[in-house]
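Peer 1: test case, fold it:
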Amino acid sequence: MLVGAAVGTAALAAVTAVRSRRRLDRTPSAEPNPALADPILHPETLDVVSADGHRIHALAYGDPDAPPIVFAHGWTCSTTFWYPQINALADDHRVIVYDQRGHGRTALGSARLTAELLGDDLDAVLSAAVPDGRKAVVVGHSMGGMSIMSWALKYPQRVPEKASAVLLASTGPDRLIDETTVIPRGKRAPVVPAPVARAILGSTVPLIETPLTRRGIQYVALAPGSTRQQVDFCARIVRECAPATRGGWGRALSTLDVGDALDNLTVPTTVLVGSADRLTPPGHSVRMADRLDAHDHLSRLIRLPGIGHMATIESHDEVNAEIRRLRRL
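Peer 2: This is a model prediction of the structure:
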């Protein structure tokens, strides 16, 4: 998710200030949203060690014998991001979530941050959480989707061994700087030079809790119609991400290119995106879907009208229904 660094820069602050004349959060407060509540089920902590010996914090909810679903979260997020899925699916599935390197309770370590590292860490989680002979639906949001593609690029033989289906949500395989619409483009808004954009993504400016920061996070990552509770939920997760993690992974993602991995996703794969996604706009999803479809591996291309980058939170019922459908394939 390209939100933390973007919100922490003067560029986005300027954009937000211009747009502050309009109220972005138009939905009034309501009763607490149960989808965003702490899960009732107590998780099991899994023992996960990546290829370089680095420990990955991973949790498993639900019956160990139930159908497994493995979730990979996006940049600046953590296992908390998946509460809407844990709360909806853990009663009859084995729901496995983990903190990406440097996020949540997984230490950043000293390894160079690369796309390959994302694939290594996901493979370690799958090895620890999905017993031999079984397969999981593997779900990735934003950088989590990039983790799945990185995994498929490095470990193509593992795809049919460990995955029964894949969901790529709000993500992209390459050209992340070129295609983002966080900073508006047009005659009055020139394209931001790539070196400047990379500096923005690599920013380690702390995110302090202010109305401007909250408004900026909504503008960057959610749709104008998102609820106050959804914005607050996402803002809290993003602010908890360490600046060093945000900047380090931001620099790594600025040159990401894992498009060839789509040829290795040889299981039914759904691509999902919100029409109002500024971080990974729908063009990414269309290109991914076309490449998957060329190999007859595309299950569905789902476009959610009026939904932003945080589709798994903003439109959790639709996302959860698609996960259940993929599990039944």
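Peer 1: dump the helix ranked longest in the chain to PDB, restricted to CA.
Peer 2: For the chain, the longest helix by residue count, based on DSSP state H, is helix 115-129. Extracted C-alpha coordinates of helix 115-129, given in PDB (Å, rounded to 0.1, in the frame of the first residue of the first chain):
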ATOM      1  CA  ALA A 115      10.500  -8.400  -4.000                       C
ATOM      2  CA  GLU A 116      12.300 -11.700  -3.700                       C
ATOM      3  CA  LEU A 117      12.200 -11.400   0.100                       C
ATOM      4  CA  LEU A 118       8.400 -11.000   0.000                       C
ATOM      5  CA  GLY A 119       8.200 -14.300  -1.900                       C
ATOM      6  CA  ASP A 120      10.500 -16.100   0.500                       C
ATOM      7  CA  ASP A 121       8.500 -14.900   3.500                       C
ATOM      8  CA  LEU A 122       5.200 -16.000   2.000                       C
ATOM      9  CA  ASP A 123       6.600 -19.400   1.100                       C
ATOM     10  CA  ALA A 124       7.800 -19.900   4.700                       C
ATOM     11  CA  VAL A 125       4.300 -19.100   5.900                       C
ATOM     12  CA  LEU A 126       2.700 -21.500   3.500                       C
ATOM     13  CA  SER A 127       5.200 -24.200   4.500                       C
ATOM     14  CA  ALA A 128       4.400 -23.700   8.200                       C
ATOM     15  CA  ALA A 129       0.700 -23.200   7.900                       C
END
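Peer 1: shaky segments in the stretch 101-250 of the chain?
Peer 2: Along the stretch 101-250 of the chain, the model assigns pLDDT under 70 to residues 184-204.
Peer 1: which parts of it are strands?
Peer 2: 136-141, 163-169 (DSSP state E, counting those that start in this stretch).
Peer 1: can I get these in a markdown table with distance to residue 234?
Peer 2: In short, each C-beta sits where N, CA and C put it, glycine included. Converted to a markdown table, the strands of the stretch 101-250 of the chain look like this (distance: least, CB to CB, whole Å):
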| stretch | distance to residue 234 |
| --- | --- |
| strand 136-141 | 12 |
| strand 163-169 | 14 |
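Peer 1: residue 303 - that's part of a strand, no?
Peer 2: Yes: Residue 303: assigned to a strand according to DSSP: H, G, I helix; E, B strand; the rest coil.
Peer 1: ok, it - contacts?
Peer 2: 273, 274, 275, 282, 285 (CB atoms under 8 Å, 6 or more residues apart in numbering).
Peer 1: ok, residue 132 - how many residues close by?
Peer 2: 7 (other CB atoms under 10 Å).
Peer 1: how much space between it and residue 218?
Peer 2: Per CB to CB, to the nearest Å, residue 132 is found 44 Å from residue 218.
Peer 1: just residue 279 next, same as before
Peer 2: Counting by CB to CB - residue 279 and residue 218 are separated by 13 Å.
Peer 1: and for residue 114?
Peer 2: 31 Å.
Peer 1: same drill for these two, tell me which one is more crowded.
Peer 2: residue 218 (25 against 14).
Peer 1: just checking, that one touches residue 229?
Peer 2: No: under the criterion of CB atoms under 8 Å, residue 218 makes no contact with residue 229, lying 11.9 Å away.
Peer 1: tell me the SS of residue 271?
Peer 2: Residue 271 is classified as strand under three-state DSSP.
Peer 1: does it have beta-bridge partners, and which?
Peer 2: On the basis of DSSP bridges, residue 271 is bridged to residue 168, residue 301.
Peer 1: contacting residues for it?
Peer 2: 168, 285, 288, 289, 292, 298, 300, 301, 302.
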